[in-house]
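Asker: Let's see this in three dimensions:
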Amino acid sequence: MAENELMVTISGAALSLLFYENVRSRGDQMGFFFGEVLSFVTKNVTDSERHVESVKVHVDIQSIIKCSPTDQIYNAAGEIKEDNLKDFIKDKGKNVVGWFRFRRNGSLTPTLRDKILHKQFLSIFRDPSNQINEDYFVACMLNTSMTLGEGTHKFKHVFLHYKQGMYNPIPLRINNLGHDATRHDGSDYKPSPRKYCDEPDAFTKFVKSLNLDLARTPGIHSISEIQRAAEQHLEDLVPLIVKTDQEVAELERSVLETRRALFEKLMEKELRSREAQLIDTKCRSRRDKFQRNEESTSRASRCQDDSWLSKDSSITPKQKTRHSMAFDSHITPSPEQLPNPYATRKSSSYSQAAKKTTERMIDDSEPDC
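Answerer: Numbering: from 1, shown residues only. Predicted structure coming up:
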């Protein structure tokens, strides 16, 4: 009989880093968890002499990595771009134990796209040599909000595990300092690693290169010899350091020039864009002004002609109506056919030619009249 228990463990520092990276982003964000999956098997014997195996699986999250807005690892339909994902993860694919999604003022329930992405991540990060990576691949949903007074920030999160078509929540344990991550209590903090290296350090190599017999040579002579050799070694290193400093300075100048050139190009592009917008605005303003002037001139001309028609007693009401309809239809006669208001005649300024022209325009524009 075996009882399986799943738990997510994370350090306070890693969880704080996760919250910090999410809060400093301006919009939604996603990323991946790096760590390892630890399995603990505990065998117990009951009073009835039955052997019970208790299996505890801890998904230990050690670090995180966020996706920048330029890292397009999936398209609008939710399909993963495996080439972009491999370029983003690089050689750390075997250490991926889950992924996270952050939304401001959103729900902790995974959306349909989140579920589609989770299933694709399961198939991509599956390791044939270690099937447990697929069985315990986790997803984390996070959000944040503030109180009305903006004095308190609220962080909410939930870890989910996909099993038998359902997304079940997983308990999270944040451990104290000094605990060992290899223990089954769920601690994430590992002790300081103790490594032994057979390769000597630089000072040991330098002393061995002098071939001193420390057992027979007095200590003062050995120290003086090491001091002189060290001073000579430092003097030999000075030209190399000067050369490297010059290379670094040259690279810094190159970077500065590149930044300056890029800034100038961006400013030139911005100036051209602003000039184009200004020219477009001026042209639009001139067109609007010209259109308003034309409308004003047309109204003034119509009012003037109406005053002439009202003063001319020889014009019949039918001709006045036709003249008004001609102006309403925006049909303008030629300058030769328009009456001259400054002509001195005994008759009215509205000549017979203008009357015939107006009648002909009315007949051509409205054949039903």
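Asker: going forward, measure contacts and count neighbours with C-alpha atoms only.
Answerer: OK.
Asker: the helices in the stretch 201-350 of the chain, which residues?
Answerer: 202-209, 219-311, 317-328 (DSSP state H, counting those that start in this stretch).
Asker: For those helices, could you give me TSV that also reports mean neighbour count?
Answerer: Listed next are those as TSV, based on neighbours: other CA atoms under 10 Å:
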stretch	mean neighbour count
helix 202-209	11
helix 219-311	12
helix 317-328	16
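Asker: Rebuild those helices as JSON lines, extending it with mean pLDDT.
Answerer: Listed next are the helices of the stretch 201-350 of the chain as JSON lines, based on pLDDT from 0 to 100:
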{"stretch": "helix 202-209", "mean pLDDT": "76"}
{"stretch": "helix 219-311", "mean pLDDT": "86"}
{"stretch": "helix 317-328", "mean pLDDT": "55"}
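Asker: Ok, which of the ones you listed comes nearest M146?
Answerer: Proximity of the helices of the stretch 201-350 of the chain to M146 was assessed by CA to CA; the nearest stretch is helix 219-311, lying at 37.3 Å.
Asker: helices or strands up against the closest one?
Answerer: Packed against helix 219-311, as judged by 3 or more CA pairs under 8 Å, 6 or more residues apart in numbering; DSSP states H and E, are the following elements: helix 317-328.
Asker: how about CSV for the helices of the stretch 201-350 of the chain, with distance to Y136 added?
Answerer: Supplementary listing: these in CSV, determined by distance: least, CA to CA, whole Å:
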stretch, distance to Y136
helix 202-209, 45
helix 219-311, 46
helix 317-328, 80
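Asker: Of all those helices, which one is nearest H153?
Answerer: When these are compared for distance to H153 using CA to CA, the nearest one is helix 219-311, at 37.8 Å.
Asker: okay, the angle between the closest one and helix 202-209?
Answerer: 140 degrees (axes from the mean of the first three to the mean of the last three CA atoms, to 10 degrees).
Asker: what's the neighbour count on L148?
Answerer: By other CA atoms under 10 Å, 7 other residues sit near L148.
Asker: Please report how far it lies from L108.
Answerer: Separation of L148 from L108 (CA to CA, to the nearest Å): 21 Å.
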